[in-house]
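> sequence plus predicted model, see below.
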Amino acid sequence: MKLFFGTLVFLLSFSIYAQKTIQWRGTDRSGVYDETTLLKSWGQDGPKLLWHYDGLGEGHSSVAIDANKIYVTGLIGKTGYLFVFDINGKILNKIEYGNEWDKNYNGPRSTVTINEGKLYIATGTGDLICLDQNSFNLIWKKNIQTDFGAKNIKWGINESPLIVNEKIIFTPGGKTNNVVALNKNDGSLIWASSGEGGSAAYCSPIYANDLQIPQIITMTEDHILGIDIATGKKLWSHENKNRYSVHANTPIYSNGMVLCTSGYGKGSVMLKLTNGGKTVEKVWEQKLLDTRIGAMVKIGDHIYGSGDFSKFWFCADWKTGNILYQDKSLPTGVTIAADGMLFCYSDKGDMALVNISPQKFDMISKFKITMGTEQHWAHPVINNGILYVRHGNTLMAYKVK
């Protein structure tokens with residue numbers, strides 16, 4: 001009886017764990033992955049490479065994972081493709097979904113969003129596509145130009161769509177349909193917010209639901225915005241400019257505080273939401289915390305990441321913005337975290353394992369990502385003890401548990 005009960009508990013636990021859906025920056029867009037018993041050091045050549053696939057085409061999108069299937073997009077010629085793998089690296093499907101970005105730093109940028117049997121893909125050319133997860137048939141499609149009267153941006157749309165209940169949130173930009181909520185099932189318009197009328201700014205939004213007014217928080221050309229999820233009403237805005245209107249990092253939200261960071265010398269600003277979420281006030285600003293596209297992670301009362309112009313890895317105090325350490329022993333890049341460790345993927349191809357500490361950049365292990373093509377910009381993903389790294393044409397899976 002004990003053996004039966006133990007087996008049942010194990011199977012139920014595995015079933016629940018396996019059904020976890022990984023999307024942009026994990027399950028909650030924080031970049032902090034809910035993993036345990038991971039390796040605390042790697043060998044000189046890095047963790048064991050389980051498999052790799054060469055043939056994704058060009059692109060910078062990360063993997064999404066659902067029901068033990070891996071989804072990632074790539075550009076071959078002028079066409080975007082969705083690739084589906086099993087967890088052993090076997091390719092299950094390769095689906096053409098339409099035109100993709102081929103004007104600069106070619107290929108898709110956005111991570112697939114998965115929800116209730118549907119796949120949502122935002123292309124660099126400005127399409128928002130909904131596919132059936134099983135048949136891959138097109139359910140609906142919208143375009144920022146033809147459907148929302150917006151213009152594309154210099155380096156192509158880079159937004160992983162956010163789903164909240166029946167709404168899918170997307171940022172065409174422009175004066176009328178600046179941020180929109182569509183019905184996730186048929187693509188019909190639920191509401192449109194004019195925001196501050198600026199262009200899209202490469203930002204994937206977040207949802208803050210613990211306020212009196214639950215809201216979407218995102219960044220557009222020159223502003224940080226708070227938008228009522230129910231009505232689309234702009235609740236507040238905060239001016240936030242840099243020289244190229246690039247704000248590619250998803251905001252970090254916690255207990256009424258929102259941190260937004262941009263590169264090109266702009267830096268970070270912490271805002272406190274007040275009056276039930278109807279207004280904001282600036283708490284601190286720090287120009288040296290100027291992550292460009294690599295994001296940050298919040299661990300306890302500290303934030304970790306790396307700079308653009310500042311060129312160092314840092315830890316800073318969440319409440320004050322005071323920098324606790326600066327370190328230049330690794331080229332700067334992307335930051336994710338899991339099980340008390342930072343996984344730092346430099347734009348020169350280094351993958352480093354760093355002990356989380358507010359005292360120092362405590363790098364334990366490092367190896368080079370030698371396979372793949374072009375820029376090391378795609379954000380790594382950790383799921384079920386496997387580290388997935390996309391480098392242009394190649395997807396790699398490393399055993400880190």
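Done, it's in.
> quick check: residue 395 vs residue 335, distance?
To residue 335, residue 395 is 20 Å away according to CB to CB, to the nearest Å. The C-beta positions use only the backbone N, C-alpha and C, and glycine is treated the same way.
> for the closest residue to residue 194 other than its chain neighbours, give me its contacts.
Closest residue in space to residue 194, ignoring its immediate chain neighbours: residue 178 at 5.3 Å, by CB to CB, 6 or more residues apart in numbering. Residues counted as contacts of residue 178 (CB atoms under 8 Å, 6 or more residues apart in numbering) are 171-172, 192-198, 220.
> out of the residues you listed, which two sit at the greatest distance?
Checked with CB to CB, the contacts of residue 178 reach their widest spread between 192 and 198, with 14.7 Å between them.
> tell me which of these two has more neighbours.
Per other CB atoms under 10 Å, whichever of residue 192 and residue 198 has more neighbours is residue 198, with 20 against 17.
> and the residue nearest to residue 300 when sequence neighbours are not counted, what pLDDT?
Spatial nearest neighbour of residue 300, chain neighbours left out: residue 318 (7.9 Å); criterion: CB to CB, 6+ apart. If you check residue 318, the pLDDT there is 98.
> and residue 20, by the same measure?
Reported pLDDT for residue 20: 89.
> hmm, it is touching residue 27, no?
Yes - Residue 20 is within contact range of residue 27, at 6.5 Å (criterion: CB atoms under 8 Å).
> quickly list what's touching both of these two.
Common neighbours of residue 20 and residue 27 (CB under 8 Å, 6+ apart) are residue 34.
> returning to that earlier point: residues in contact with the residue nearest to residue 300?
254, 257, 259, 270, 298, 300-303.
> among the residues you listed, which one sits closest to residue 358?
residue 302 (4.9 Å).
> state the three-state secondary structure for the closest residue to that closest one other than its chain neighbours.
Closest residue in space to residue 302, ignoring its immediate chain neighbours: residue 358 at 4.9 Å, by CB to CB, 6+ apart. Here residue 358 is recorded as coil under DSSP: H, G, I helix; E, B strand; the rest coil.
> quick check: pLDDT value at residue 358.
Residue 358 is given a pLDDT of 98.
> contacting residues for it?
Shown in contact with residue 358 (CB under 8 Å, 6+ apart): 302, 315, 324-325.
> can you pick the most crowded of these?
With neighbours taken as other CB under 10 Å, the top of those is residue 315, carrying 22 neighbours.
> so it sits against residue 323, correct?
Yes - if you go by CB under 8 Å, residue 315 and residue 323 touch, sitting 7.4 Å apart.
> so how far is residue 197 from the residue nearest to residue 194?
In terms of CB to CB, residue 178 sits 6 Å off from residue 197.
> sorry, back to before: can you put the contacts of residue 178 in a markdown table and add secondary structure?
As requested, the contacts of residue 178 are arranged in a markdown table below (three-state DSSP):
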| residue | secondary structure |
| --- | --- |
| 171 | coil |
| 172 | coil |
| 192 | strand |
| 193 | strand |
| 194 | coil |
| 195 | coil |
| 196 | coil |
| 197 | coil |
| 198 | coil |
| 220 | strand |
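> of those residues, buried ones?
171-172, 192-193, 195-196, 198, 220 (16 or more other CB atoms under 10 Å).
> from residue 188, how far out is residue 138?
From residue 138 across to residue 188, the span is 16 Å (CB to CB).
> go on, residue 211?
Between residue 211 and residue 188 the computed distance is 27 Å (CB to CB).
> out of these two, which sits in the busier spot?
Between residue 211 and residue 188, residue 211 has the larger neighbour count (other CB under 10 Å), namely 17 against 10.
> was I right about the more buried one contacting residue 272?
No - with contact defined as CB under 8 Å, residue 211 does not reach residue 272; the gap is 11.5 Å.
> pull up the overlap in contacts between those two.
With CB under 8 Å, 6+ apart, residue 211 and residue 272 have common neighbours residue 256.
> so what's residue 91 closest to, chain neighbours aside?
Nearest one to residue 91, counting by CB to CB, 6+ apart, is residue 85 at 5.6 Å.
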